[in-house]
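*Asks:* Starting from these lines, generate the structure:
(one chain, ligands or ions: 1)
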Amino acid sequence: MKDAIKQIADRMATGQNIAFTGAGISTESGIPDYRSQGGIWDEFKPVYFDEFMSQKSARIEYWRQKAAMYDDLQKAEPNAAHLALADLYHQGRLAAVITQNIDGLHQESGISADDVIELHGNTRRVRCMACGVVSSDHEAFKRIAAGDLAPECHCGGYLKPDTISFGQAMPEAEVKRATGLAQACDLFLVVGSTLLVQPAALLPDMARRSGAFLAIVNLSETPYDTVCDVRIKGKAGEVLPRITRQTLK
Ligand code: NAD
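*Replies:* Sure, this is the predicted structure:
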């Protein structure tokens, strides 16, 4: 592993570097991922966007799932892996983070919100599906706790956590920016993702084909393991601080 860390750190020391993160970077902050054993899909069945928009029962189920995860999210703080990326960012070694995560922990670790590209939105915001007004999640969860199981906006529209559900269109501007960064970077560092969810799963390939060095830090296998330049099987909270120390030394 020492050699792999050095290879990533050597690349990190120059050029334009991008990190791409998934749920695995936040498990050490106490937020379960989706696909590992004990992950979110062991407990819940996903609610599709068209079901949310067409059936009150689906909206109630969706909010029930979000409410069950609310406490973990409220309590979660950036862990050693988030902080290691933030150090690289502040030292000018990391240009931006593209994330599939919806927990806001990269911003909390000190990376400017402008340099965190959220492909799947952010669960700390709530959006009205009719008028588009965005508000914080606190108000919605207060209403749920008081018995309003599928809260609606003053305009009558359905309120929904501002995250991308299965079957919902991806945010165009974010996808465009992520694509541009993947194609222009020198190092593309994947952390904590199965790389199975589209279109995010295409980004490592775009980066690689555009000449970037592709490095992966993840506990389980990914479809890119045999084609990437460096692969580290390990915990993000242990591996990333070592990469950062080696880069900045
Ligand atoms: P995923 O659940 O498909 O995969 C997570 C990967 O991280 C797995 O391969 C697992 O082995 C690995 N992993 C778990 N803990 C790790 C650790 N400590 N160090 C290194 N690797 C670790 O997650 P994904 O690929 O991000 O995919 C899907 C979806 O999950 C996204 O749409 C995202 O919105 C959503 N999600 C986000 C959060 C969050 O915001 N924290 C949590 C759960 C799910």
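*Asks:* pLDDT value on the residue positioned nearest the centre of the chain, please?
*Replies:* Most central in the chain under CA atoms, centre = their mean is Asn101, positioned 1.9 Å from the mean C-alpha point. As predicted, Asn101 sits at a pLDDT of 96.
*Asks:* Surely it is within a strand?
*Replies:* No: for Asn101, which was evaluated using DSSP: H, G, I helix; E, B strand; the rest coil, the result is coil, with no strand membership.
*Asks:* Just confirm it contacts Thr27, I think it does.
*Replies:* No: no contact is recorded between Asn101 and Thr27 when judged using CB atoms under 8 Å, the distance being 10.7 Å. To be clear about C-beta, it is placed using only N, CA and C from the backbone, and glycine gets the same treatment.
*Asks:* gap between the residue nearest to the centre of the chain and Ala80?
*Replies:* Remark: distance between Asn101 and Ala80 (CB to CB, to the nearest Å) = 16 Å.
*Asks:* what comes up buried for the longest helix along the chain?
*Replies:* Counting residues, the longest helix found in the chain (DSSP state H) is helix 56-75. Using 16 or more other CB atoms under 10 Å as the test for burial, helix 56-75 gives Ala58, Arg59, Glu61, Tyr62, Trp63, Gln65, Lys66, Met69, Tyr70, Leu73.
*Asks:* before we move on, what about stretch 89-98?
*Replies:* Residues of stretch 89-98 classed as buried: Tyr89, Arg93, Leu94, Ala95, Ala96, Val97, Ile98 (neighbour count, 16+ other CB under 10 Å).
*Asks:* Which of the residues you listed fall within helices?
*Replies:* The helices, defined by DSSP H, take in Tyr89 from these.
*Asks:* Quick one: name whatever helix or strand follows the helix or strand of the chain with the lowest mean pLDDT.
*Replies:* Between all helices and strands in the chain, the lowest mean by mean pLDDT, DSSP states H and E belongs to helix 40-43, at a mean of 64. Using DSSP states H and E, the helix or strand that follows helix 40-43 in sequence is helix 49-54.
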